[in-house]
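Asker: I'd like to go over a predicted model; first the sequence, then the structure.
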Amino acid sequence: MRRNTVVLAALGGAVALALSACGGSSGTPEAKGATGATKPAGTPPSSPAAPAKEPILLAFGGDVHFEGMLRSRLASPSTALGPIARTLRAADYSMVNLETAITTGGTQAPGKEYAFKAPPSALAALKAAGVDVTSMANNHGMDFMQSGLRDSLKAIKKTGFPTVGIGRNADEAYKAHRVTVKGNKLAIVGATQVLDDHLIQPWTATDAQGGLASAKNEARMVQAVRDAAKGSDVVIVHLHWGAELEPCATAVQRRLAQRLKEAGADVIVGGHAHIPQGGGYMGDAYVHYGLGNFVFYSANGQTANSGVLLLRVQDGKVTADKWKPARISGGLPHLLKGAAGAAELKRWKGLRSCTGGLTAAPS
């Protein structure tokens, strides 16, 4: 269980009051959200009762890789993500987008100006920073083609690190990762709508080919969300989508978000634009169109604008949200404080005007 008292101080106001019901105690990232009790000696065995559902706090960061000056940070995975790890650990469940292949070899994809790869220690770095699940469904997840895919899947299996949007076939790639956090049954799905035209076929997972879950196949994506909704309290969908450096959600993003919401998604987050896009409520679901860069060696200017999205979930619905603005320096995000933080938060809230009707509160 994570220390929600850290979050109470961060959110402030009404959101902080709402979160006070969460409680919390000290613990390691691996122990967050865990519950348990010791029975007195001699107690007869019985069917375990379903744990009560407590309010939980979700945290989301944007695109992560370990290129350039960031590669050396993997020499010490326990501190690789720097101070932002405190914010990720303070939540009950955290997620980022891992925008790189996990391989030290492989054959680079043809025709790509930028190709990213990292050793398996990248997964250890995410875990140490308090990240609980990642998506590799993006336009860099298979930068080193099928050989790189095999290495990535091997690393995922060996480490046991929860990773969505990638698999040995379509069933695996579209399959939701399921986990129970403080009595809340979560299902997380990942997919990409961004693929180079000449790589759509070789990168897309099919019945006979390993690869990535593609949101270009909207019917399959909708079915994946419907499947995820069965037996779960909260469905989280992570999408790689949108237009680079475009602050406004595209018509394609807005249409897909609506379809996935109708299919059962409660939280829809994503990225690709390299800058933060707007977020808000679509009815009773929360949509954040673009989380921006997060751990990214080349971030500068507007692409260095970043942040952490915090969502409070209770009884299967998002009841409060908070965008914590950050600025990337040296490849790592640092939370903004004081006047700088207030100004960037105000600017980010203004982006809601071009999200196609997202609101500041659920309805």
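Answerer: Nice, thanks for sending it over.

Asker: So for stretch 222-236, mean pLDDT?
Answerer: Averaging pLDDT along stretch 222-236 gives 98.

Asker: What would it look like as CSV? C-alpha coordinates only.
Answerer: What follows is stretch 222-236, C-alpha atoms only, in CSV (Å, rounded to 0.1, in the frame of the first residue of the first chain):
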residue,chain,number,x,y,z
VAL,A,222,-13.9,-2.1,-29.3
GLN,A,223,-14.1,-5.9,-28.8
ALA,A,224,-11.0,-5.8,-26.6
VAL,A,225,-12.5,-3.2,-24.4
ARG,A,226,-15.8,-5.2,-24.1
ASP,A,227,-13.8,-8.3,-23.2
ALA,A,228,-11.9,-6.3,-20.6
ALA,A,229,-15.1,-5.0,-19.1
LYS,A,230,-16.3,-8.5,-18.2
GLY,A,231,-15.6,-9.1,-14.6
SER,A,232,-13.8,-5.9,-13.9
ASP,A,233,-14.7,-2.7,-12.0
VAL,A,234,-12.5,-0.3,-14.0
VAL,A,235,-11.3,-0.5,-17.6
ILE,A,236,-8.2,1.5,-18.4
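
Asker: buried residues in it?
Answerer: 222, 224-225, 227-229, 232-236 (16 or more other CB atoms under 10 Å). No exception for glycine: its C-beta is placed from N, CA and C like everyone else's.

Asker: In strands only, show me these.
Answerer: Within the buried residues of stretch 222-236, residues falling in strands by DSSP state E are 234-236.

Asker: Surely Leu256 and Trp241 touch.
Answerer: Yes. Judged on CB atoms under 8 Å, Leu256 makes contact with Trp241 at a distance of 7.1 Å.

Asker: overlap in contacts of these two?
Answerer: Contact criterion CB atoms under 8 Å, 6 or more residues apart in numbering; residues bridging Leu256 and Trp241 by contacting each: 193, 215.

Asker: In terms of packing, which of those two has more residues around it?
Answerer: Neighbour count, other CB atoms under 10 Å: between Leu256 and Trp241, Trp241 has more, with 26 against 23.

Asker: mind listing what that one touches?
Answerer: Taking CB under 8 Å, 6+ apart, one finds 192-194, 215, 250, 252-253, 256, 270, 272, 289 in contact with Trp241.

Asker: From the residues you listed, list just the buried residues.
Answerer: 192-194, 215, 250, 253, 256, 270, 272, 289.

Asker: what's the neighbour count on the closest residue in space to Ala224 that isn't next to it in sequence?
Answerer: Nearest residue to Ala224 in three dimensions, chain neighbours excluded: Tyr174, at 4.2 Å (CB to CB, 6 or more residues apart in numbering). By the criterion of other CB under 10 Å, Tyr174 has 27 neighbours.

Asker: so what's the backbone phi/psi at Tyr174?
Answerer: Backbone torsions of Tyr174, given as degrees, to the nearest 10, read phi -90, psi -10.

Asker: How about residues contacting the helix ranked longest in the chain?
Answerer: Across the chain, the longest stretch assigned as helix under DSSP state H is helix 145-159. Applying CB under 8 Å, 6+ apart, the contact partners of helix 145-159 are 101-109, 117, 120, 123-124, 127, 136, 141-142, 144, 163, 166-168, 202, 210-211.

Asker: So which of these sit within helices?
Answerer: Among the contacts of helix 145-159, the members falling in helices (DSSP H) are 123-124, 127, 202.

Asker: what about the stretch 1-150 of the chain, any weak spots by pLDDT?
Answerer: 1-51 (pLDDT under 70).

Asker: Run through the strands of it in chain order.
Answerer: Per DSSP state E, counting those that start in this stretch, the stretch 1-150 of the chain carries strands over the ranges 56-64, 93-98, 101-102, 117-118, 133-135.

Asker: what would those strands look like in a markdown table with mean neighbour count and distance to Pro276?
Answerer: Formatted as a markdown table, the strands of the stretch 1-150 of the chain follow (neighbours: other CB atoms under 10 Å; distance: least, CB to CB, whole Å):
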| stretch | mean neighbour count | distance to Pro276 |
| --- | --- | --- |
| strand 56-64 | 27 | 8 |
| strand 93-98 | 28 | 13 |
| strand 101-102 | 28 | 25 |
| strand 117-118 | 23 | 24 |
| strand 133-135 | 27 | 18 |
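
Asker: out of these, nearest to Gly279?
Answerer: strand 56-64 (9.8 Å; CB to CB).

Asker: strands paired with that closest one, and their directions?
Answerer: strand 93-98 (parallel), strand 293-295 (parallel), strand 305-314 (antiparallel) (DSSP bridges).

Asker: mind checking which of these is nearest Leu70?
Answerer: Across these, Leu70 has its closest neighbour in strand 293-295 (6.4 Å, CB to CB).

Asker: Give me the contacts around that closest one.
Answerer: By CB under 8 Å, 6+ apart, strand 293-295 touches 61-66, 70, 81, 84, 96-97, 274-275, 299, 303-304, 306, 328, 331-333.

Asker: switch the cut-off to 10 Å
Answerer: Taking contacts as CB atoms under 10 Å, 6 or more residues apart in numbering, the residues outside strand 293-295 that touch it are 60-67, 70, 73, 80-82, 84, 96-99, 122, 125-126, 129, 271, 273-276, 299-300, 303-308, 326, 328, 331-333.
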